[in-house]
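**Q** 3D model of this:
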Amino acid sequence: MDEPERWRHMSTAPRDGSRILVTVRPSEQGPAEVDLAYWSRADQFASEGWRASDSSPGRVVEYAEPELKCWMPLPTANLSRASMPAPWEGDDAQQLDGSGI
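**A** The predicted model follows:
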């Protein structure tokens, strides 16, 4: 990918099980945050959808589509950066690397 560390519209997120970073929208439980997630097919523990990467059998953390604002691929190793990128704070109407159509 030509610009790996750029937030993108969720409609373009890979649904092949690969881990990605997602911006979780702010809610009553707290402010926006970044999480490591993946798309999972339905199994005996949960239905098809986005799951937090720290999910385990019997303790599945699922995200509904509206909870996730945007995504980016995992950044390459960079020893000078010790934390996750900041969550996307832009307006939903603003384009995220394409129109999402």
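**Q** centroid-nearest residue for the protein?
**A** Nearest to the geometric centre of the chain sits V22, at 1.9 Å (C-alpha atoms, centre = their mean).
**Q** so who does that residue touch?
**A** V22 makes contact with M10, A13, V34, D35, L36, A37, W50, Y63, L68, K69, C70, W71, according to C-beta atoms under 8 Å, 6 or more residues apart in numbering. (Glycine included, C-beta is placed from N, CA and C.)
**Q** low-confidence regions, the protein specifically.
**A** Under the criterion pLDDT under 70, the flagged ranges of the chain are 1-4, 77-83, 93-101.
**Q** and the longest strand anywhere in the chain, which strands flank it?
**A** What stands out as the longest strand in the chain, according to DSSP state E, is strand 33-40. For strand 33-40, the paired strands and their directions (DSSP bridges) are strand 20-24 (antiparallel), strand 49-52 (antiparallel).
**Q** now it: buried residues?
**A** Neighbour-count burial for strand 33-40, counted by 16 or more other C-beta atoms under 10 Å, picks out V34, D35, A37, Y38, W39, S40.
**Q** make TSV from those residues and add distance to M84 to it.
**A** Written out in TSV, the entries for those read as follows (distance: C-beta to C-beta, whole Å):
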residue	distance to M84
V34	4
D35	9
A37	12
Y38	16
W39	20
S40	21
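**Q** and the two most separated of these?
**A** V34 and S40 (19.0 Å; C-beta to C-beta).
**Q** give me the contacts around the longest strand of the chain.
**A** The set of residues external to strand 33-40 that reach it, using C-beta under 8 Å, 6+ apart, is 13-24, 46, 48-54, 63, 68, 71, 74, 84-87.
**Q** which of those residues are buried, as a PyMOL select command?
**A** Here is the PyMOL command that picks out the buried ones among the contacts of strand 33-40, judged by 16+ other C-beta under 10 Å:
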select buried, resi 13+20+21+22+23+24+46+49+50+51+52+63+68+71+87
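**Q** reformat the strands paired with strand 33-40 as TSV; add distance to G58.
**A** As requested, the strands paired with strand 33-40 are exported to TSV (distance: least, C-beta to C-beta, whole Å):
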stretch	distance to G58
strand 20-24	22
strand 49-52	13
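**Q** done for today, thanks.
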